[in-house]
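In: Below is the sequence, then the predicted model.
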Amino acid sequence: MTADIISGKELSAQIKRNLSQEILQLKEKNLVPKLVVVLVGDNPASLSYVKGKEKAAAEVGMDSDLIRLPVETSEQELLSLLDQLNQDSSVHGILVQLPLPEQIDEQKVIDRIDPKKDVDGFHPINIGKMMTGEDSFLPCTPYGIIEMIKSKGIEIEGKHAVVIGRSNIVGKPVGQLLLNENATVTYCHSRTKNMREFTQKADILVVAIGRENYIKSEDIKEGAVIIDVGINRTVEGKLTGDVDFEGCKDKAGFITPVPGGVGPMTITMLLSNTIKAAKGLTGIEG
Ligand SMILES: NC(=O)C1=CN([C@@H]2O[C@H](COP(=O)(O)OP(=O)(O)OC[C@H]3O[C@@H](n4cnc5c(N)ncnc54)[C@H](OP(=O)(O)O)[C@@H]3O)[C@@H](O)[C@H]2O)C=CC1
Ligand SMILES: Nc1nc(=O)c2c([nH]1)NC[C@@H]1CN(c3ccc(C(=O)N[C@@H](CCC(=O)O)C(=O)O)cc3)C=[N+]21
């Protein structure tokens with residue numbers, strides 16, 4: 001079997017065309033959705049993601065601002081900035097790039113963002129609503145993954161979905177969204193024993209660990225849907241995922257590449273959430 005490759009790049013381009021149209025309509029009603037990204041410090045990987053977000057916002061005609069703060073910024077300074085952005089009615093979406101320097105408590109920062117502007121979907125209010133199935137901002141990476149699976153007409157209901165990784169930003173919420181879609185969900189993590197027994201039974205396998213080539217063809221089931229979230233840089237400086245793509249592509253039914261897979265979808269869903277925030281805050285519809 002040769003897997004059907006789910007291109008996040010192509011699906012993103014399609015979705016962004018629709019988002020551009022929607023923004024044109026909002027602009028006719030004098031609403032220009034605006035995203036503000038806050039980056040503390042100068043981690044090169046973070047800077048490169050943040051640049052990607054700005055570029056994508058410009059592509060769809062959205063306003064965006066990047067606020068860069070020095071690495072020694074105090075927690076109080078960042079919280080005060082968030083209070084200001086929460087108050088500013090021209091700002092619809094706020095994203096604080098993670099990870100933050102160690103003097104800053106990440107959870108305190110996330111908790112301070114107005115849930116109506118929380119386009120990352122990390123605020124406890126939005127996480128709670130996601131769990132109960134209420135309308136909310138869905139975390140961008142998990143949201144993008146569901147859209148990728150659905151774009152291929154793959155049925156999620158009744159499937160055994162296995163998620164490797166249990167971070168608050170990827171693993172936990174992607175399992176919850178798969179559960180909301182009526183999959184049977186298993187989480188694996190660093191304390192899981194005999195992980196291969198789970199991965200080999202997965203109809204849908206989501207890998208979000210951060211280790212190059214961790215999942216190999218012998219770990220997966222024939223015909224499975226393989227979603228590779230990992231972003232790793234090889235010693236040669238190339239981007240690569242957590243899955244051995246070459247080894248798995250002849251056994252899987254569907255597989256996502258890195259780059260060009262989940263990453264671009266994360267950014268696209270961020271744009272989609274920002275439009276949703278702009279509409280929700282102003283009551284203006286496209
Ligand atoms: N494409 C995209 O849009 C995005 C990609 N990423 C990438 O996805 C990857 C994961 O990110 P994130 O969730 O933030 O990472 P974290 O480091 O926060 O979490 C990693 C998770 O993987 C688990 N884990 C680590 N090693 C193993 C192992 N050997 N076996 C089983 N489980 C293991 C950890 O388990 P435990 O909890 O027990 O420690 C933890 O739950 C990274 O490569 C990151 O760069 C992240 C966000 C967006
Ligand atoms: N508050 C917050 N929200 C996030 O959503 C968030 C974050 N912090 N911190 C870091 C992670 C990581 N992340 C990525 C987004 C896009 C790509 C992406 O577009 N990757 C391209 C490659 C980009 C390149 O070439 O460097 C791809 O996979 O094709 C990757 C990773 C969002 N994150």
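Out: That came in fine, so what should we check first? Numbering: from 1, shown residues only. Ligands and ions are numbered 1, 2, ... in the order given.

In: doesn't Gln176 fall inside a strand?
Out: No: according to DSSP: H, G, I helix; E, B strand; the rest coil, Gln176 belongs to no strand; its state is helix.

In: For it, list the residues it contacts.
Out: Met130, Met131, Pro142 (C-beta atoms under 8 Å, 6 or more residues apart in numbering). Placement of C-beta: from N, CA and C, glycine included.

In: what about the second one, which helix or strand?
Out: Met131 belongs to helix 124-132 when elements are defined using DSSP states H and E.

In: what separates that helix from the chain centre, distance-wise?
Out: Distance of helix 124-132 from the chain centroid (C-alpha atoms, centre = their mean, to the nearest Å) equals 16 Å.

In: Tell me the buried residues in it?
Out: Ile125, Asn126, Ile127, Lys129, Met130 (16 or more other C-beta atoms under 10 Å).

In: Find the nearest non-adjacent residue to the last one, please.
Out: Here the nearest residue to Met130 in space, its sequence neighbours aside, is Ser136; by C-beta to C-beta, 6 or more residues apart in numbering that works out to 5.4 Å.

In: Distance of that neighbour relative to ligand 2?
Out: To ligand 2, Ser136 is 16 Å away according to C-beta to the nearest ligand atom, to the nearest Å.

In: And the nearest residue in space to Pro124 that is not next to it in sequence, how far from ligand 1?
Out: Ranked by C-beta to C-beta, 6+ apart and with sequence neighbours excluded, the top spatial neighbour of Pro124 is Asp111, at 6.7 Å. Going from Asp111 to ligand 1 by C-beta to the nearest ligand atom gives 18 Å.

In: now do Glu28
Out: 32 Å.

In: Write out the residues of the stretch 51-200 of the chain neighbouring ligand 2.
Out: Gly52, Leu95, Val96, Gln97, Leu98, Asp120, Cys140 (C-beta under 6 Å from any ligand atom).

In: what would the residues you listed look like in TSV with secondary structure and distance to ligand 1?
Out: Converted to TSV, those look like this (DSSP: H, G, I helix; E, B strand; the rest coil; distance: C-beta to the nearest ligand atom, whole Å):
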residue	secondary structure	distance to ligand 1
Gly52	helix	10
Leu95	strand	12
Val96	strand	14
Gln97	coil	11
Leu98	coil	8
Asp120	coil	11
Cys140	helix	7
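
In: May I see those residues organised as a markdown table, with neighbour count and pLDDT added?
Out: Output for those, formatted as a markdown table (neighbours: other C-beta atoms under 10 Å; pLDDT from 0 to 100):
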| residue | neighbour count | pLDDT |
| --- | --- | --- |
| Gly52 | 15 | 94 |
| Leu95 | 23 | 98 |
| Val96 | 25 | 98 |
| Gln97 | 20 | 97 |
| Leu98 | 15 | 97 |
| Asp120 | 25 | 98 |
| Cys140 | 27 | 98 |
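
In: give me the element Gly263 is part of.
Out: Gly263 is located in helix 262-282, with elements delineated by DSSP H and E.

In: Could you tell me the angle between that helix and helix 124-132?
Out: For helix 262-282 against helix 124-132, the angle by axes from the mean of the first three to the mean of the last three C-alpha atoms, to 10 degrees is 110 degrees.

In: Tell me the buried residues in helix 262-282?
Out: 262-279, 281.

In: one step back: could you point out which of the buried residues of helix 124-132 is nearest to ligand 1?
Out: Ile127 (14.7 Å; C-beta to the nearest ligand atom).

In: how close does the closest one get to Ser167?
Out: 13 Å (C-beta to C-beta, to the nearest Å).

In: Ile220 too?
Out: Noted for Ile220: a distance of 22 Å to Ser167, by C-beta to C-beta.

In: more crowded one of those two?
Out: Ile220 (27 against 16; other C-beta atoms under 10 Å).

In: who are the neighbours in contact with that one?
Out: Going by C-beta under 8 Å, 6+ apart, Ile220 touches Thr199, Gln200, Ala202, Leu205, Ile226, Cys248, Lys251, Ala252.

In: what sits up against the helix holding Met131?
Out: By C-beta under 8 Å, 6+ apart, helix 124-132 touches 110-111, 115, 118, 121, 135-139, 168, 173, 176-177, 180.
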